[in-house]
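A.B. asks: next input, structure requested:
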Amino acid sequence: MSLLDLIMVTGTVEEVEQVAPRVRRIAISGVPGLPWRPGQHVRVLVTDLMALRTWLSGFKDVLRTYSVWDYDPRGRLDLCVLDHPQAGPGALWARTASIGQQVAFTRPEGRLLPRDEAPYHLFAGDETAAPAFGAMLRALPPAARVFGAVATAGLPLPRAGELAAVETTPEAGGLAGRVRELELPERPGVAYVAGEARDCQAVRHHLMRERGWPRDAIKVKAFWAPGKRGLD
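C.D. replies: The predicted model follows:
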């Protein structure tokens, strides 16, 4: 057994589907019994460790973080990967993933998890948050109250009728501006805020300063920031 086998899980690509113009669903089989909870992510090995370019880069681009879209404990894990116009290693990996290909990834981790005891749930995020939000929405009880402003990139989210599909460009007022437009109950619920770091901070400030929410009712996950990697 290699060192890689001790720290990573290996599965096989079973299915690849273009579920939205910029989103590919990659189903990985042969990975039973993972301790996954909705909202968690894995880090996928997207480059060849033995390639010269990997060594020359100082191993900067070997892993990419993806939220788990769905998981069957019998051994199938689904990732929904967002494509980018200027594709980096992760997007290139997703574009070229093929059935039968071996995939190595870390075990699920992360604390962006739904709280069952919340009076209601508020989801706010850009396209990078949509896969995690999809898993979290499926995990909520049918009677749970849901509000939200989410940029989905065309990904079909559960309970989409309860969420405002948004654009998060500055011209649209940003993510905080769209959350500000939501008619929420007077009492705070629990908010899940994810995506670009500055947008996340702006939404948190709005909820705390303008709506009086306590900090511990707002769960923030910055997935990315301009010019930076590894915000997970």
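
A.B. asks: go through the longest strand along the chain and flag the buried ones.
C.D. replies: Longest strand in the chain by number of residues (criterion: DSSP state E): strand 9-20. Across strand 9-20, burial judged by 16 or more other Cβ atoms under 10 Å covers 9, 11, 13, 14, 16, 20. Every residue, glycine included, has its C-beta placed from N, CA and C.

A.B. asks: C-terminal to that strand, what's the next element?
C.D. replies: Using DSSP states H and E, the next helix or strand after strand 9-20 towards the C-terminus is strand 23-29.

A.B. asks: elements contacting the following helix or strand past that following strand?
C.D. replies: The helix or strand immediately downstream of strand 23-29 is strand 41-45, counting by DSSP H and E. Helices and strands touching strand 41-45, by 3 or more Cβ pairs under 8 Å, 6 or more residues apart in numbering; DSSP states H and E, are strand 63-72, strand 76-82, strand 102-105.

A.B. asks: tell me the domain boundaries of this structure?
C.D. replies: Listed domain ranges for the chain are 3-105, 121-224 (source: automatic domain parsing).

A.B. asks: okay, now the last one: how far is its last residue from its first?
C.D. replies: Across domain 121-224, the straight-line distance between its terminal residues is 23 Å, by Cα to Cα, to the nearest Å.

A.B. asks: from the chain's centre, how far out does that domain sit?
C.D. replies: 13 Å (Cα atoms, centre = their mean, to the nearest Å).

A.B. asks: now do it, average pLDDT.
C.D. replies: Computed over domain 121-224, the mean pLDDT rounds to 92.

A.B. asks: in a helix, residue 92, correct?
C.D. replies: Yes: assessed with DSSP: H, G, I helix; E, B strand; the rest coil, residue 92 lies in a helix.

A.B. asks: run a quick neighbour tally on the nearest residue to it once chain neighbours are set aside.
C.D. replies: Spatial nearest neighbour of residue 92, excluding adjacent residues (Cβ to Cβ, 6 or more residues apart in numbering): residue 46 at 7.6 Å. Residue 46 has 23 neighbours, counted by other Cβ atoms under 10 Å.

A.B. asks: contacts only, for residue 46.
C.D. replies: 61, 62, 63, 64, 89, 90, 92, 93 (Cβ atoms under 8 Å, 6 or more residues apart in numbering).

A.B. asks: among these, which one sits closest to residue 114?
C.D. replies: The closest of those to residue 114 turns out to be residue 64 (Cβ to Cβ; 24.2 Å).

A.B. asks: for residue 39, see how far away the nearest residue to residue 28 once chain neighbours are set aside is.
C.D. replies: Nearest residue to residue 28 in three dimensions, chain neighbours excluded: residue 11, at 4.0 Å (Cβ to Cβ, 6+ apart). For residue 11, the distance to residue 39 (Cβ to Cβ, to the nearest Å) stands at 20 Å.
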